[in-house]
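Participant: sequence and computational prediction follow.
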Amino acid sequence: MGKVERIVFLSLILDLFAFTIPLPLFPRIIEWYTVREISDPNGLLSRTLWFVSAVRGIFYKPLQNSQRWDVVFLGGLMGSAFSTLQFLVSPHIGSFSDKYGRRNVLLVSMIGNILSAIIWIQSTTFASYMLSRVIGGLSEGNVQLATAILSDVSTPNNRSKALANVGIAFAICFCIGPPIGAYFASRPVPLSLGSLQMELNVYAVPAILTLVLLVAETLFLTVALPETRNTQPGKRDNDDLLEVHVNEKSKAASMVRSVQERTELLRVLRKLHFLFLGIFSGVEFTLTFLTFDLFDWNNTQNGALIGSIGIISALLQGGYVRRAISKVGEGKMAQRGVTSCALGLVFLAILPHFVSTQPKIAVGLLRAAAVCLAFTSATVVSSLTAHASLQCNEGFNKDTGKPVAEHPELAKGKALGEFRSSGQLGRAIGPLLACASYWTFGPSITYAVSGIAMLTLSVSMRSVAVLPEKSSR
């Protein structure tokens, strides 16, 4: 792992650690605001919960704990709102990084994240907390820009291995972030802050920890991260896929795909990213519905399930994906992950039929599904991202060392920003559709249909799952 890769990896650990800390707190935060603001029927929270309850009532009317279902659904809506903001802003962050530099745009986005954490610490109303989430959604650019930076400093030959670090950081932080957030949620506010006579959020301690991590990340990036835009990676192989010279003849000979073909492939990859995350995010969100509805699991048991998925995913990322992807190819690796998800959905679809009669088999099916989803988490998004990155501008003038811009649509920041945006749109829509289906048709039909959709998606990926020729890598 090179110097810049290590810097990016450490910054991702800090950033995603801060991002995952509040994840298990959403329902509890909403409940706290509900107690405080329920007497105000015109408040933002009361109006929002009324809307959520009305929508939920169309699809599902639980016999008990209806308010708890509404709180969980509102938590999902908050996540969808965050993803929607990312869908809107990601292409612009990418384009700005192409124009003004990755480092500069990343540091500006960190200021927005810090501001979001500061507002969270002091948010005693639901409206102010949502303001914090909106600012965070518009500012979050670390993962996207980390992908662009790693693409800048890696050659096509080692691109997939470099980008696998993003997935490893995700898996690590999703294992440790939520439990630590839950632990610090029960800690009292430090006396030094209590003496300020300022009312704070009930979960000010996790918010303060988030702020400390974001400030540390910003200082670390300011000191350690160099600018990588227009930086030529180390010495490349003579047969590298996208090395481009000024001479048009040699340029055409060195490229396997034309600009038009790569632009079209990027469009296909964006579509696949959207469809995959649309289905997968719905599965992720309704999984806690399933365990609550059928097994009556508590937060600790749900946390253990999600944590196990993260641990298996991290092990697969580091032990399998990084080693195998150069032989298998990015498209084929992503297809394997999608197929694994389809298999996991089959397990989830048949699981409800064993809950009452053979509960041990039902739990075994849930664990098998978790392993399949862990493989999916380890492979699909990182492989599709690497595949998209390989279609971007890679050429440098061999005389001047300056980059050769082949096409505006192939600029790394812009192309990867649009790729991430498509996935975030899927994350915004998927949980809402999955909830509606779960409440209307039940888990078996929901997961069966999702499994068929995922299998269809896997079959449609044949065109991007062709192993590249050696000369193209």
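Facilitator: Okay, I see it. Numbers count the residues shown, from 1 in each chain.
Participant: dump the residue contacts of residue 161.
Facilitator: Counting by CB atoms under 8 Å, 6 or more residues apart in numbering, residue 161 makes contact with 154, 322, 325-326. For the C-beta atoms, the positions are set from N, CA and C on the backbone; glycine is no exception.
Participant: just the buried ones from these?
Facilitator: Neighbour counting with 16 or more other CB atoms under 10 Å marks 154, 322, 325 as buried within these.
Participant: which element is the last one on?
Facilitator: Read that as residue 325. Using DSSP states H and E, the element containing residue 325 is helix 322-328.
Participant: could you give the mean pLDDT of that helix?
Facilitator: For helix 322-328, the mean per-residue pLDDT is 85.
Participant: check stretch 381-392 too.
Facilitator: pLDDT averaged over stretch 381-392 gives 91.
Participant: same question for stretch 178-191.
Facilitator: 78.
Participant: one step back: residues making contact with the helix holding residue 325?
Facilitator: Residues contacting helix 322-328 (CB under 8 Å, 6+ apart): 157, 160-161, 164, 333, 336, 383, 386, 467, 473.
Participant: cool, and stretch 292-309?
Facilitator: 24, 174-175, 178-179, 182, 287-288, 291, 351-352, 355, 362-363, 366, 370, 373-374, 377, 443.
Participant: if we can go back for a sec, just the C-alphas of the helix holding residue 325, formatted as PDB.
Facilitator: C-alpha atoms of helix 322-328 as PDB (Å, rounded to 0.1, in the frame of the first residue of the first chain):
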ATOM      1  CA  ARG A 322      -8.000  -8.100  -3.400                       C
ATOM      2  CA  ARG A 323      -6.200 -11.300  -4.500                       C
ATOM      3  CA  ALA A 324      -8.800 -12.700  -6.900                       C
ATOM      4  CA  ILE A 325     -10.100  -9.700  -8.700                       C
ATOM      5  CA  SER A 326      -7.100  -9.200 -11.000                       C
ATOM      6  CA  LYS A 327      -7.700 -12.800 -12.300                       C
ATOM      7  CA  VAL A 328     -11.500 -12.800 -12.300                       C
END
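Participant: which SSE is immediately downstream of that helix?
Facilitator: Immediately after helix 322-328, counting by DSSP H and E, sits helix 330-350.
Participant: now that following helix, how far from the centre of its chain.
Facilitator: 18 Å (CA atoms, centre = their mean, to the nearest Å).
Participant: so what does it touch, helix or strand wise?
Facilitator: When contacts are defined as 3 or more CB pairs under 8 Å, 6 or more residues apart in numbering; DSSP states H and E, helix 330-350 sits against helix 259-290, helix 322-328, helix 359-389, helix 443-460.
Participant: among the ones you listed, which is the most enclosed?
Facilitator: Mean neighbour count, computed with mean count of other CB atoms under 10 Å, is highest for helix 359-389 among the helices and strands packed on helix 330-350, reaching a mean of 23.
Participant: next SSE downstream of that helix?
Facilitator: That would be, after helix 359-389 and using DSSP H and E, helix 412-441.
Participant: pull the contacting residues for the closest residue to residue 9 other than its chain neighbours.
Facilitator: Once flanking residues are discounted, residue 9 sits nearest to residue 165: 4.8 Å by CB to CB, 6 or more residues apart in numbering. For residue 165, the contacting residues are 1, 5, 8-9, 12, 150, by CB under 8 Å, 6+ apart.
Participant: by neighbours, which of these wins?
Facilitator: The most crowded member of the contacts of residue 165 is residue 8, carrying 29 neighbours; neighbours defined as other CB atoms under 10 Å.
Participant: that residue contacts residue 149, doesn't it?
Facilitator: Yes - the criterion here is CB atoms under 8 Å, and residue 8 meets it with residue 149 at 5.5 Å.
Participant: any common contacting residues for these two?
Facilitator: In contact with both residue 8 and residue 149: residue 225, using CB under 8 Å, 6+ apart.
Participant: picking up where we left off before, now, the contacts of residue 165 that are in helices?
Facilitator: In this view, these that belong to helices under DSSP state H are 5, 8-9, 12, 150.
Participant: would you mind giving those as JSON lines with pLDDT added?
Facilitator: Shown next, in JSON lines, are the ones in helices among the contacts of residue 165 (pLDDT from 0 to 100):
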{"residue": "5", "pLDDT": "93"}
{"residue": "8", "pLDDT": "95"}
{"residue": "9", "pLDDT": "94"}
{"residue": "12", "pLDDT": "95"}
{"residue": "150", "pLDDT": "92"}
